[in-house]
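# model the structure of this input:
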Amino acid sequence: MKKTEQFRNLLNAKSLQYICEAHNGLSAKIVEETGFKGIWASGLTMSGSQAVRDNNELSWTQVLATAEYMADVTTVPIMLDGDTGFGNFNNTRRLVKSLEKIGVAALCIEDKRFPKTNSFIDKDQELASIEEFCGKIKAAKDTQLDPNFSLIARTEAFIAGIGLEEALKRAEAYRLAGADAILVHSKKKTAEEIESFMKEWGNRHPIVIVPTMYYNTPSETFEKIGIRLVIWANHLLRSCIKAMQETAKEIFERNSISTVESKIVSV
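Sure, this is the predicted structure:
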């Protein structure tokens, strides 16, 4: 089964599905070997792995090169975190063409201005107009050659602090523009914004979430309210940073590798 079909099956599954973050070929392979049915090629962690800000400081060609390594060593579908599409609708169109060529199954774009600002930074989050973002969605869908390639439209209405009504308005506009699913993002410590959204949204279209901040919410809650796909969005990079810091410190302080050998994978 093609990767694009596999991803569509995740979106249309009757039970809640999960995918996990990766940021290079090695981490993507680990995600697949662990058992996940899909991979989130995270803009945050790809940027972080190169020690640059999640602010489109990696060029779109650098992101594509990383995604190609990930796609080459895995058999499960990848959804690329495409930020704002790296520009206007023409940039988004070129991105879709390139992703299909390298075997990436899905693209997620968000309704912010380019260059994007990371959602967890406490500063003004300027959103694109609904009309502009719908133009990107239509351009992406008109461009794809594989009918199963998926476009996920991410609304940052809650991140921008403009409320439930605007989140619903944008999500519905994006659905009508042709998006295959809607990602609703929130940085609250609880899932209250997501729950309020789902209460009004019903089951009209697949909803994807990223519970990085409301991590204490049980997954059963997400399934109960009708979420289709959960993204564990940044935890592999965060865990490997912690492990590398601890290993480097131990080697530095002891001027020896003897005590770390049993804690790391073999050569």
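# contacting residues around R204?
Contacts for R204 (Cβ atoms under 8 Å, 6 or more residues apart in numbering) come out as 172, 175. (C-beta placed from N, C-alpha, C; glycine too.)
# what separates it from E172, distance-wise?
R204 sits 8 Å away from E172, taking Cβ to Cβ, to the nearest Å as the criterion.
# also E131?
In this view, E131 and E172 are 14 Å apart by Cβ to Cβ.
# which of these two has more neighbours?
The neighbour count for E131 versus E172, taken as other Cβ atoms under 10 Å, is higher for E172 (15 against 9).
# pLDDT score for that one?
At E172, the predicted lDDT confidence score is 98.
# hang on, it in a strand?
No: assigned with DSSP: H, G, I helix; E, B strand; the rest coil, E172 falls outside any strand and is helix.
# may I have the secondary structure class of L183?
Following three-state DSSP, the label given to L183 is strand.
# burial count for it?
Number of residues near L183 (other Cβ under 10 Å) recorded here: 24.
# now for it: which residues touch it?
Contact partners of L183, counting by Cβ under 8 Å, 6+ apart, are 108, 110, 152-155, 207-210, 231.
# pLDDT score assigned to it?
We have a pLDDT of 98 for L183.
# all helices for this protein, in order.
Taking DSSP state H to define them, one finds helices in the chain at 3-12, 25-34, 43-49, 60-72, 89-102, 130-143, 163-177, 192-201, 219-225, 235-254.
# ok, back up a step: between the contacts of L183, which is nearest G163?
The shortest approach to G163 among the contacts of L183 belongs to T155, at 11.5 Å (Cβ to Cβ).
# my guess is the closest one meets E172, correct?
No: counting by Cβ atoms under 8 Å, T155 does not reach E172; the two are 10.1 Å apart.
# how many other residues sit next to D111?
By other Cβ under 10 Å, the residues close to D111 number 26.
# show me what contacts it?
With the criterion set at Cβ under 8 Å, 6+ apart, D111 makes contact with 84, 127-128, 130, 133, 153-157, 170, 174.
# between the residues you listed, which is nearest E33?
Looking across these and measuring by Cβ to Cβ, the closest to E33 is R154, at 27.8 Å.
# from A248, how far off is the closest one?
R154 sits 35 Å away from A248, taking Cβ to Cβ as the criterion.
# separation between F114 and I194?
Taking Cβ to Cβ as the measure, F114 falls 26 Å from I194.
# more neighbours: these two, which one.
Between F114 and I194, counted using other Cβ under 10 Å, the more crowded position is I194 (26 against 13).
# residues contacting that one?
Shown in contact with I194 (Cβ under 8 Å, 6+ apart): 184, 186, 209, 214, 222, 225, 227.
# narrow those residues to just the buried residues.
184, 186, 209, 214, 222, 225, 227 (16 or more other Cβ atoms under 10 Å).
# understood, closing this out.
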